[in-house]
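K.L.:
sequence plus the predicted model coming up.
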Amino acid sequence: MAQLNVWNVDWYLDEATCPCDVHFLEYLDQEKIKDSTIFHFGTGGHHVVGLRTAENGSGNLVLGITASQPEQDAYEKLIIEKPAIGRSYKVLFGDIYLLEARLLPAFDVVTLFHTGEFRTEKNDAYGALTDEEVVRLLVGKLQGPRLLAFYSGSYAFDVADRIAKKLVAEGLLEPAGEFKTLRIYRKRKP
């Protein structure tokens with residue numbers, strides 16, 4: 001029986017190497033995005049997106065996902081020490097490639113900064129979704145501002161870029177600008 005494709009890495013906040021989370025927080029501030037629900041792929045052991053949105057008075061709610069046990073452990077420690085954070089920031093431990101649309105709420109904003117970085121043949125062993133299927137699933141959950149963000153600095157950005165271009169060509173997404181290292185798309189209204 002195949003085991004879950006997990007990562008025994010605790011990604012720390014290093015803005016010089018991977019500034020996407022910090023850029024995303026700056027984008028939320030610049031665009032005055034408040035009282036929104038956010039799906040965030042790749043919490044990092046720093047949990048900066050969930051922490052700052054919980055503490056900055058924005059009213060934003062974040063559901064993160066990680067397949068890193070050290071990141072999940074850091075989240076559990078965080079909410080034990082600061083239980084109020086747990087009201088607006090939740091972290092799901094699991095493989096993003098096993099998401100089920102029926103179990104997810106609607107989101108105003110989705111970050112898929114790490115699209116293409118973690119899908120391997122290990123995921124195939126248990127019938128996991130592809131990167132494109134994950135993007136389509138989460139675009140299908142978009143409401144409100146309907147924003148989707150990718151990280152152009154990812155070593156696998158070519159995967160996200162290819163998928164985004166395909167969804168734009170199909171009329172599902174439209175470009176909504178760039179912010180520093182982020183590429184923003186908007187789900188088209190039906």
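P.N.:
Received it, and whenever you're ready, just let me know what you need.

K.L.:
for residue 75, helix, strand, or coil?
P.N.:
helix (DSSP: H, G, I helix; E, B strand; the rest coil).

K.L.:
pretty sure it sits against residue 43.
P.N.:
Yes. Proximity of residue 75 to residue 43 meets the contact threshold set by CB atoms under 8 Å, at 6.8 Å. Backbone N, C-alpha and C define where each C-beta goes, glycine included.

K.L.:
which residues do these two both contact?
P.N.:
Common contacts of residue 75 and residue 43, defined by CB atoms under 8 Å, 6 or more residues apart in numbering, comprise 50, 64, 66, 91.

K.L.:
for residue 75, see how far away the last one is.
P.N.:
According to CB to CB, to the nearest Å, residue 91 and residue 75 sit 4 Å apart.

K.L.:
cool, and the third one?
P.N.:
Taken as CB to CB, the spacing of residue 66 relative to residue 75 amounts to 8 Å.

K.L.:
between these two, who's got more neighbours?
P.N.:
Taking neighbours as other CB atoms under 10 Å, residue 66 and residue 75 compare with residue 66 leading, 27 against 24.

K.L.:
I'd say the more buried one and residue 47 touch.
P.N.:
No. Applying CB under 8 Å, one finds residue 66 not in contact with residue 47, separated by 9.3 Å.
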